[in-house]
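Visitor: Here is my input; please provide its structure:
(one chain, ligands or ions: 1)
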Amino acid sequence: MALAVGMRVLTRALLRPWARGLRVAPGRTGPAAGGGDGMRCFGSPRVLVEPDPAAGVAVVKMRNPPVNSLSLEFLTELLISLEKLENDKTFHGIILTSDCPGIFSAGLDLTEMCGRKPEHYVEYWKAVQETWLRFYLSNLVVIAAINGVSPAGGCLLSLTCDYRVLANNPKYTIGLNETLLGIVAPFWFKDTMVNTIGHRATERALQLGLLFPPAEALRVGVVDQVVPEDQVQSTARSVMAQWLAIPDHARQLTKTLMRKPTADRLLTERDADIQTFVRFICRDSVQKSLHAYLEKLKQKKG
Ligand SMILES: CCCCCCC/C=C/C(=O)SCCNC(=O)CCNC(=O)[C@H](O)C(C)(C)COP(=O)(O)OP(=O)(O)OC[C@H]1O[C@@H](n2cnc3c(N)ncnc32)[C@H](O)[C@@H]1OP(=O)(O)O
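Guide: Numbers count the residues shown, from 1 in each chain. Modelled structure (predicted):
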């Protein structure tokens, strides 16, 4: 309880400077919005929230084209949407999905980690930490409906969820591929993966930077279910109904029991983790690797 309150205060303090100038997307009603009782879609430029109040569920669609890279602004908007839903007693569950065809999220925004000043890296890393903490410890049931490729930070975001449904498309790979970029997944990325698939499988997956296609992702346990692409949303909805049928206080306390030790590790080492990130990302060799990787992505088109 104290942790939850502390985190809210912290988020508010952290978010204030970033949130300046954020526009709230104009509301619209629609079938997915539970239009029957008139509740409107809301959100922000990069995050569309489709509420279904009758079910107590909101679908949160990431729409930061072209690839839903997790930029500072996008993370801020995601956090604001999460906080808004958590503070609204109507909602007990969120389905996190993508509005960008074929891409769940391309992970952390490489342009936030290249050629910037150290102060920017500090601000960016705080936002990444905060997003992980808030999603990982959310009292809501959070289900990822993974309708696209999901490398690195995209995979991490899905790992914060309580359940992952992946569309069965061989292009939709998922994993922590940081080593392929010449960078290292921080300890809390690693811990989240260990908590999901175990130590040995994580050791192999992280060292090799494995991006698992759906069948492999299911076998190793990175995702809980693989379904035909057109059934991802409906499956997420029926899984949500099962989770929401459990007495909420018991489920929430159990989630906290399972996840708090992992979150506490980052909470106690937060500043040190920021310093480690900034020192690491400022290295010439790391900047060269990231620039080369971004260049390779751009040249792929030509
Ligand atoms: C001690 C601490 C150490 C530091 C720890 C840091 C942890 C890092 C975590 C991360 O998440 S790093 C990011 C890892 N992400 C990736 O490796 C994915 C890279 N992207 C892709 O593989 C592909 O883009 C895609 C997602 C498979 C989509 O392919 P598609 O062919 O559909 O699009 P592209 O033409 O490749 O991309 C379009 C456009 O978007 C740019 N872009 C792609 N990914 C990113 C990204 N992560 N950040 C910023 N920008 C990205 C890409 O360059 C293209 O740009 P333009 O050419 O259109 O300008």
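Visitor: Only C-alpha atoms from now on, for both contacts and neighbour counts.
Guide: Will do.
Visitor: how about Phe135, what does it touch?
Guide: Contact analysis of Phe135 by Cα atoms under 8 Å, 6 or more residues apart in numbering lists Leu82, Val142, Leu157, Thr160, Cys161.
Visitor: of these, closest to the ligand?
Guide: Leu157 (9.6 Å; Cα to the nearest ligand atom).
Visitor: Would you confirm that the closest one contacts Leu133?
Guide: No: taking contacts as Cα atoms under 8 Å, Leu157 lies outside contact range of Leu133: 10.3 Å.
Visitor: More neighbours: which of these two?
Guide: Leu157 (25 against 20; other Cα atoms under 10 Å).
Visitor: helix or strand right after the helix or strand containing the more buried one?
Guide: Leu157 is part of helix 153-159 when elements are defined by DSSP states H and E. The helix or strand immediately downstream of helix 153-159 is strand 163-167, counting by DSSP H and E.
Visitor: tell me what that next one is packed against?
Guide: strand 141-146, strand 225-227, helix 232-244 (3 or more Cα pairs under 8 Å, 6 or more residues apart in numbering; DSSP states H and E).
Visitor: ok, and which of the ones you listed has the densest surroundings?
Guide: Of the helices and strands packed on strand 163-167, the one with the most neighbours on average (mean count of other Cα atoms under 10 Å) is strand 141-146, at a mean of 27.
Visitor: starting at the chain centroid, how far to it?
Guide: Distance of strand 141-146 from the chain centroid (Cα atoms, centre = their mean, to the nearest Å) equals 10 Å.
Visitor: Sheet partners, orientation included, of the next helix or strand after it?
Guide: Per DSSP H and E, the first helix or strand lying C-terminal to strand 141-146 is strand 148-151. As defined by DSSP bridges, the strand partners of strand 148-151 come to strand 102-103 (parallel), strand 174-175 (parallel).
Visitor: Say whether the ligand is contacted by strand 148-151.
Guide: Yes: residues of strand 148-151 are located near the ligand by Cα under 6 Å from any ligand atom, namely Pro151.
Visitor: Using PDB, write out every CA atom in that strand.
Guide: What follows is strand 148-151 as a C-alpha-only set of coordinates in PDB (Å, rounded to 0.1, in the frame of the first residue of the first chain):
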ATOM      1  CA  GLY A 148       3.400  -7.900 -34.100                       C
ATOM      2  CA  VAL A 149       7.200  -8.200 -33.700                       C
ATOM      3  CA  SER A 150       8.400  -7.500 -30.100                       C
ATOM      4  CA  PRO A 151      12.100  -7.100 -29.600                       C
END
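Visitor: ok, back up a step: is the helix holding Leu157 anywhere near the ligand?
Guide: Yes: on the criterion Cα under 6 Å from any ligand atom, helix 153-159 is in touch with the ligand at Gly153.
Visitor: quick one: which of the helices and strands packed on strand 163-167 is nearest the ligand?
Guide: Closest among the helices and strands packed on strand 163-167, using Cα to the nearest ligand atom: strand 141-146, at 13.2 Å.
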